[in-house]
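Novice: sequence below, structure please.
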Amino acid sequence: MTRIPLHREWHGDEDSPYPPLLLIHGGGSTIPSNWGMLIPLLERSRSLLAVELQGHGRTPAGDREPSFEESADDVAAVLDELHLAPVDVLGFSNGGQVALQLAARHPERVRRLVLASTPVRREAMVDGFWDGLEAGRFEDLPAVYADADLAVSRDPEHARRMFELDRQLMLGFADFPDELIASVAAPTLVVGADGDVIRAGHFVELAALLPDARLLIVPGGHGDYLGELLAASGDDRALRSFLPYLLAFLEG
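Specialist: Reported below is the predicted structural model:
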């Protein structure tokens, strides 16, 4: 399979004693829209490597069918190209699904793993999610996502292709096998919100399947605790409350 060259960028302290933290964004997102509030708080103390997945932001869509497995291999190719030793990985939503596949398919590349609001079962989603996605159109994409993509891609049609890729990816989403989840050796922090689009009980089940996992349920919604653009709406209080837990896990 032909790899898609992912846009990547470095932030933070290149002399940090901590391993680099790889950031993998969620669906419909770019690096600025997903991590724009988090990066300034973390770059003071560590090195951050952020990527944009197939068809998002500054990464081309290519002509490949979207899949979590192939995106994980795209990310692994970036790590190989940069000659990076094991890194810590934070993946949000669809990015968490990619991060989990990365840890399972390329275990030598992942030291610690944070799965933020990450579903691995179709039944994990709240009522109405799948019906809404099935009926969804590009015009339903929140304007902040379309605007954020346009700001970096400079292509009005890029956001439409991004939407189509993400919709196709999720509609074709199959449950992750228990065996794949159980194969993840990296210590993992499973994070979810009590008002997430994913049922809180799913996070409990996911943590139980992983061999070495901690579980954290925070108050809020889908990504506000990461400062995600739509969810946080510029309010960093949930992010600042979550940050000590994230750092304690990464530095543990």
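
Novice: residue contacts, the closest residue to Leu180 other than its chain neighbours?
Specialist: Leaving aside its sequence neighbours, Leu180 sits nearest to Ala104 (CB to CB, 6 or more residues apart in numbering; 5.1 Å). Using the backbone N, CA and C atoms, a C-beta is placed for each residue, glycine as well. Residues in contact with Ala104, defined by CB atoms under 8 Å, 6 or more residues apart in numbering, are 180-181, 183-184.

Novice: Ala104 belongs to a helix, doesn't it?
Specialist: Yes. Assessed by DSSP: H, G, I helix; E, B strand; the rest coil, Ala104 belongs to a helix.

Novice: got a pLDDT number for it?
Specialist: For Ala104, the model assigns a pLDDT of 98.

Novice: that one and Leu115: what is the separation?
Specialist: As for Ala104, its distance to Leu115 is 12 Å (criterion: CB to CB, to the nearest Å).

Novice: all strands for the stretch 51-200 of the chain, in order.
Specialist: 87-92, 110-116, 188-193 (DSSP state E, counting those that start in this stretch).

Novice: which SS state does the residue nearest to Leu42 when sequence neighbours are not counted fall under?
Specialist: Excluding the flanking residues, the one nearest Leu42 by CB to CB, 6+ apart is Leu48, at 6.0 Å. When classified by three-state DSSP, Leu48 comes out as strand.

Novice: touching, Leu48 and Pro19? I think so.
Specialist: No. Assessed by CB atoms under 8 Å, Leu48 is found out of contact with Pro19, at 10.9 Å.

Novice: between those two, which one's more packed in?
Specialist: More crowded of Leu48 and Pro19, by other CB atoms under 10 Å: Leu48, with 22 against 17.

Novice: who's in contact with that one?
Specialist: By CB under 8 Å, 6+ apart, Leu48 lies in contact with 10-12, 20-21, 23, 39, 42.
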